[in-house]
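Engineer: Show me the folded form of this:
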Amino acid sequence: MTTPPTSAAGAPSTRLFGRTRLLLLITLLVILALCVVFSWVTRGAMASLASSRAHGGGEGQSIVDLSPWQTAQTLASLAVTAEENEYAREAEHLADHEVDQAFAAALRAAELQTRQRVLTGEALELSQRVTELQQEIAQDRVQVEQLKAKSTAPGSGAAPGAPAGDDAFEVAKAQLDLDTDELTDAQSDLERATGNQSVRIQSELAAHEAAMRKYDSQQQSASQAAAVSVKSHGTLAGRVEAWFNQRSRYASIEEALAEAQSDAQSITAEHNALESKLKAGSAATQGAGQLAELRNRSTERQILSIDDDRIQTEQQLASVYNKWGQQIRLQHRIVLHLIVQSLELIVLIVLCMIVGDTLVRRVMARPTLDRKQRETLRTILEVCVQVVGVLLIALVLFGPPHQTGTMIGLATAAATIALQDYILAFLGWFMLVGKNGIRVGDMVEINSVCGEVIEVGLVSTTLLETTCLAEKGEPTGRRVSFLNSFAIRGQYFNFSSEGQWLWDEIAVSVPPGEDIYAFAKSVEEVARRETQESARLAEEEWKRSARVAGLTRLGAAPIVTLRPSAAGIELQVRYVTRASGRFEVRDRLYREVIQLLRKKGKPGQTEPAGAGAANVPG
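Structural biologist: Modelled structure (predicted):
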């Protein structure tokens with residue numbers, strides 16, 4: 001049989017984590033480790049957000065590079081201050097111009113490529129078919145115009161402005177539409193066969209212009225100046241967040257700056273290559289070849305001019321990004337200065353907390369109070385200093401709550417739940433100080449604890465504990481405190497009336513053979529004589545209370561009852577006495593009963609039966 005592991009002292013040691021808790025802890029640690037690994041692997045996702053959007057963002061690769069405009073558009077959404085918005089608008093203007101020039105250069109390059117391409121095979125057939133369709137369409141248009149003029153001429157029999165009624169005109173118009181559709185299809189086939197991208201470039205240009213119009217209609221600007229915007233972060237948490245946002249924004253702008261410089265270098269390389277080609281070109285040919293060569297060289301010169309403009313635009317765009325970055329660095333220094341100020345304030349608060357705690361300890365070290373009061377007051381003051389310090393630090397970190405009403409309501413509800421016992425105790429105090437409450441000096445029973453009331457406070461009631469009132473009721477030396485909520489939630493017994501009357505009891509055992517009835521009558525007369533004055537006063541008080549409470553049966557005369565027991569017959573005597581003198585009355589009755597037994601020559605046996613078996617408050 002195995003025994004559990006024991007500690008050095010011999011007591012069995014308990015495991016820190018059970019099997020279920022240990023398995024759950026290991027699982028959570030594994031999940032945390034996986035999250036950390038994936039976070040590290042994807043750490044560059046946010047940094048390359050602008051560039052990923054600038055290069056298409058999953059929408060498909062376009063013929064013309066739209067990255068300058070897309071980068072500027074992305075960075076414009078990150079602008080915070082009015083100065084940054086100015087740089088963003090300037091960057092958008094330059095980027096839009098650069099993209100327009102890129103479309104113009106792409107169209108001219110496609111046109112030049114089309115003229116220089118030698119068609120063969122299927123491409124040549126499609127080209128010839130396109131030429132034929134163009135000629136047929138020209139003839140169809142002439143025929144449609146002739147029929148239209150004939151149908152609208154005076155004396156033609158047709159109503160003016162209604163050529164649709166002529167069948168020949170309708171046939172010619174339908175033929176024109178058919179030839180036009182066939183030409184469009186043939187041109188598409190020719191572009192696919194020859195690789196001509198002019199139509200696709202035109203489509204991309206139209207889409208870009210539509211997007212620009214939509215963006216301009218939605219553009220808004222309602223930013224503050226840099227100094228005002230930065231100072232609006234009044235909390236340390238807001239300033240730290242702004243500081244990290246500025247770092248991320250600056251990294252994106254640096255990436256855009258590098259991209260603009262790279263584009264300028266690429267366009268410069270293309271420009272130099274095309275210019276070298278033009279300089280090294282052969283002499284012009286004669287005839288039709290000379291005309292084609294001149295057209296090509298004119299288009300290439302136009303491309304060179306466009307490239308010059310694009311290079312200048314990219315350089316200006318890089319300059320704007322550079323100024324934008326300098327503006328963010330300036331704001332970065334301002335935010336860093338404000339963060340240092342917040343840290344200074346927190347350090348000052350902590351120093352004040354330490355100094356306040358030291359002063360509290362120094363003041364409480366003076367022997368003006370007893371040790372318990374001094375320790376209690378010192379603890380309260382130290383907690384107050386710490387709570388105030390923590391609240392001030394929280395205000396520096398997070399600022400005051402914005403939803404003040406909601407926060408106050410939630411705090412009040414939480415305080416009510418947490419302090420419900422103390423709230424009920426305070427309300428119970430009003431019941432205890434009322435007419436039917438308790439007073440200092442009363443003998444009471446609260447939660448099965450008997451004692452004399454020595455203090456009735458706003459929150460708690462303190463008793464000097466005694467033994468049960470049925471016994472002698474001697475003090476135990478303990479002070480017992482109860483929250484006053486027992487007056488509302490529970491019940492309490494007050495054994496103290498105006499005269500503090502209560503029913504006490506004695507018991508006498510009489511052996512068999514004794515004239516028990518005569519003896520009982522004698523004992524009743526003795527009890528009546530000894531308690532006559534107490535009974536009279538008690539009845540008067542109870543009758544005064546009866547007029548208020550509506551009581552009808554009140555009596556304080558002694559009661560003698562007989563009860564069989566193992567030793568013979570037991571005689572019980574119940575009588576009314578004051579709580580403060582019940583022990584003296586009981587002793588006198590016992591002495592009188594002993595005297596009666598001696599007179600009869602037969603010693604009896606007596607035993608006390610607990611005082612207050614049926615205590616009735618006056």
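
Engineer: List the buried residues of stretch 174-184.
Structural biologist: Under the neighbour-count criterion of 16 or more other CB atoms under 10 Å, stretch 174-184 has 175-176, 179, 183 buried. Just so you know, the C-beta spots here come from the backbone N, C-alpha and C atoms, and that holds for glycine as well.

Engineer: quick one: that stretch to chain centroid distance?
Structural biologist: Chain-centre distance of stretch 174-184: 66 Å, with CA atoms, centre = their mean, to the nearest Å.

Engineer: Send me it as PDB with only the CA atoms.
Structural biologist: Only the C-alpha atoms of stretch 174-184 are listed here, as PDB (Å, rounded to 0.1, in the frame of the first residue of the first chain):
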ATOM      1  CA  ALA A 174     -28.900  46.600 -89.600                       C
ATOM      2  CA  GLN A 175     -26.100  45.700 -91.900                       C
ATOM      3  CA  LEU A 176     -24.000  48.600 -90.600                       C
ATOM      4  CA  ASP A 177     -24.600  47.400 -87.000                       C
ATOM      5  CA  LEU A 178     -23.600  43.800 -88.000                       C
ATOM      6  CA  ASP A 179     -20.400  44.900 -89.800                       C
ATOM      7  CA  THR A 180     -19.500  47.100 -86.800                       C
ATOM      8  CA  ASP A 181     -19.900  44.200 -84.300                       C
ATOM      9  CA  GLU A 182     -17.800  42.000 -86.600                       C
ATOM     10  CA  LEU A 183     -15.100  44.700 -86.900                       C
ATOM     11  CA  THR A 184     -14.900  44.900 -83.100                       C
END
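
Engineer: avg pLDDT for that stretch?
Structural biologist: Averaged over stretch 174-184, pLDDT sits at 81.

Engineer: List the contacts of that stretch.
Structural biologist: With contact meaning CB atoms under 8 Å, 6 or more residues apart in numbering, stretch 174-184 is reached by 130, 133-134, 136-137, 140-141, 144.

Engineer: residue boundaries of the helices in the stretch 301-450 of the chain?
Structural biologist: 371-398, 404-418, 420-432 (DSSP state H, counting those that start in this stretch).

Engineer: tell me the domain ranges of this structure?
Structural biologist: Domain segmentation of the chain under automatic domain parsing yields 418-494, 501-608.

Engineer: would you turn those domains into JSON lines with mean pLDDT and distance to residue 32?
Structural biologist: Below are those laid out as JSON lines (pLDDT from 0 to 100; distance: least, CB to CB, whole Å):
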{"stretch": "domain 418-494", "mean pLDDT": "82", "distance to residue 32": "33"}
{"stretch": "domain 501-608", "mean pLDDT": "76", "distance to residue 32": "70"}
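
Engineer: Please produce CSV containing the helices of the stretch 301-450 of the chain, extended by distance to residue 532.
Structural biologist: Converted to CSV, the helices of the stretch 301-450 of the chain look like this (distance: least, CB to CB, whole Å):
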stretch, distance to residue 532
helix 371-398, 50
helix 404-418, 57
helix 420-432, 35
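
Engineer: which one of these is the most hemmed in?
Structural biologist: Mean neighbour count (mean count of other CB atoms under 10 Å) peaks for helix 420-432 among the helices of the stretch 301-450 of the chain, with a mean of 17.

Engineer: circling back: return the subset of the buried residues of stretch 174-184 lying in helices.
Structural biologist: Those of those mapping onto helices are 175-176, 179, 183, per DSSP state H.

Engineer: Please dump the residues you listed into JSON lines; it should also carry distance to residue 39 for every row.
Structural biologist: JSON lines is the format used below for those (distance: CB to CB, whole Å):
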{"residue": "175", "distance to residue 39": "68"}
{"residue": "176", "distance to residue 39": "65"}
{"residue": "179", "distance to residue 39": "63"}
{"residue": "183", "distance to residue 39": "58"}
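
Engineer: what's the farthest-apart pair in those residues?
Structural biologist: For these, the farthest-apart pair by CB to CB is 175 and 183; their separation is 12.4 Å.

Engineer: what ranges do the helices span in the stretch 1-150 of the chain?
Structural biologist: For the stretch 1-150 of the chain, applying DSSP H, counting those that start in this stretch gives helices covering 19-41, 49-54, 67-78, 82-116, 122-152.

Engineer: lowest-confidence stretch among those helices?
Structural biologist: Set side by side, the helices of the stretch 1-150 of the chain differ in mean pLDDT, and helix 49-54 is lowest with a mean of 45.

Engineer: hang on, residue 520 packs against residue 558?
Structural biologist: No: using CB atoms under 8 Å, residue 520 makes no contact with residue 558, being 11.2 Å away.

Engineer: What segments of this structure are strands?
Structural biologist: Assigned by DSSP state E, the chain shows strands spanning 443-446, 449-456, 460-466, 475-483, 492-494, 501-510, 559-565, 568-578, 605-608.

Engineer: other SSEs contacting the longest one?
Structural biologist: The helices and strands touching strand 568-578, judged by 3 or more CB pairs under 8 Å, 6 or more residues apart in numbering; DSSP states H and E, are strand 501-510, helix 516-530, helix 532-549, strand 559-565, helix 582-599.

Engineer: Please dump the ones you listed into a markdown table; it should also carry mean neighbour count and distance to residue 386 for every row.
Structural biologist: Formatted as a markdown table, the helices and strands packed on strand 568-578 follow (neighbours: other CB atoms under 10 Å; distance: least, CB to CB, whole Å):
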| stretch | mean neighbour count | distance to residue 386 |
| --- | --- | --- |
| strand 501-510 | 22 | 52 |
| helix 516-530 | 16 | 66 |
| helix 532-549 | 15 | 54 |
| strand 559-565 | 13 | 65 |
| helix 582-599 | 16 | 54 |
